[in-house]
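> Pasting the sequence and the predicted coordinates here, then a few questions.
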Amino acid sequence: MGETLVHRWFEEVWNKGSEQAIYEMFAEDGIAHSPTDENGNEIKGPAQFAAFHQNFRAAFPNIQVTVEETVTEGDKIAALCSVTGTHTGDGIGYAATHKPVQFSGLTMVRIKDGKIIEAWNHFDFMKLYQQIDAVAFK
C-alpha cells in the first residue's frame, strides 16, 4: 500500500501536475519537514504544499520524477528518485533559463490512514541551481 502511494504521489502530483492529488494523498495535518517555505517554515497541510507545488511546477512545468527504488519499514517508505525537467518559468525566483536539469534525491514519508502524514525530502538542489546558473560555483 505505502509503496503504491509513493509511486502514485510522484506520478500524479509531480509528473502530471495534479493539485487535486495533493489533497487526496497529503493529510490535512501532514507536515513536510523539507523543503521549507520561502520563510524557512515547515510546510503544513495540503494547501501549503499545493502553493509550493505551484511555484516549483511553474519553473519546471515538464518535470518528471522517476522512483528508482523504495524501502519500506513499518509506516515509513524511503524512495530514491531521479528528476529531469526544463527551467522554462520563473516560479522559483530565477528568470527562466530554458536549460535542462537532471538531479536526484531521497524522500522518506510516514503514512497514516492511507495518507502522507510526514515527509522529509532531500534532493540535490545545489546541482539543480548550478545547472540553471543560479550559483556562482560549479
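That came through fine. Numbers count the residues shown, from 1 in each chain.

> tell me how far the longest strand along the chain is from the chain's mean position?
Secondary structure of the chain per DSSP state E: the longest strand is strand 100-112. Chain-centre distance of strand 100-112: 6 Å, with C-alpha atoms, centre = their mean, to the nearest Å.

> What of stretch 105-119?
Chain-centre distance of stretch 105-119: 12 Å, with C-alpha atoms, centre = their mean.

> just to revisit the earlier point, list of residues touching the helix or strand that the longest strand of the chain is followed by?
Sequence-wise, the next helix or strand downstream of strand 100-112 (DSSP states H and E) is strand 115-123. Strand 115-123 is contacted by residues 5, 9, 24-27, 29-35, 81, 83, 103-111 when judged by C-beta atoms under 8 Å, 6 or more residues apart in numbering. From N, CA and C alone the C-beta is placed, and that goes for glycine too.

> one more time with 6 Å, if that's ok
25-27, 30-34, 105-110 (C-beta atoms under 6 Å, 6 or more residues apart in numbering).

> Equivalent analysis for stretch 125-138, please.
His87, Tyr94, Thr97, Lys99, Val101, Phe103.

> Check which residues of it are buried.
Lys127, Leu128, Gln130, Gln131, Ile132, Ala134 (16 or more other C-beta atoms under 10 Å).

> in its sheet, what does the longest strand of the chain sit against?
Strand 100-112 sits in its sheet next to strand 76-86 (antiparallel), strand 115-123 (antiparallel), going by DSSP bridges.

> helices or strands next to the helix or strand of the chain with the lowest mean pLDDT in the packing?
Sorting the helices and strands of the chain by mean pLDDT, DSSP states H and E puts helix 2-8 at the bottom, at a mean of 85. Other helices and strands packing on helix 2-8, by 3 or more C-beta pairs under 6 Å, 6 or more residues apart in numbering; DSSP states H and E, are strand 64-73, strand 76-86.

> Return the distance of that helix from the chain's centre.
14 Å.

> what does it contact?
Residues contacting helix 2-8 (C-beta under 6 Å, 6+ apart): Val67, Thr70, Thr72, Ile77, Ala79, Ile111.

> Tell me, how many residues neighbour the second one?
Yep, that's Thr70 we're talking about. 16 (other C-beta atoms under 10 Å).
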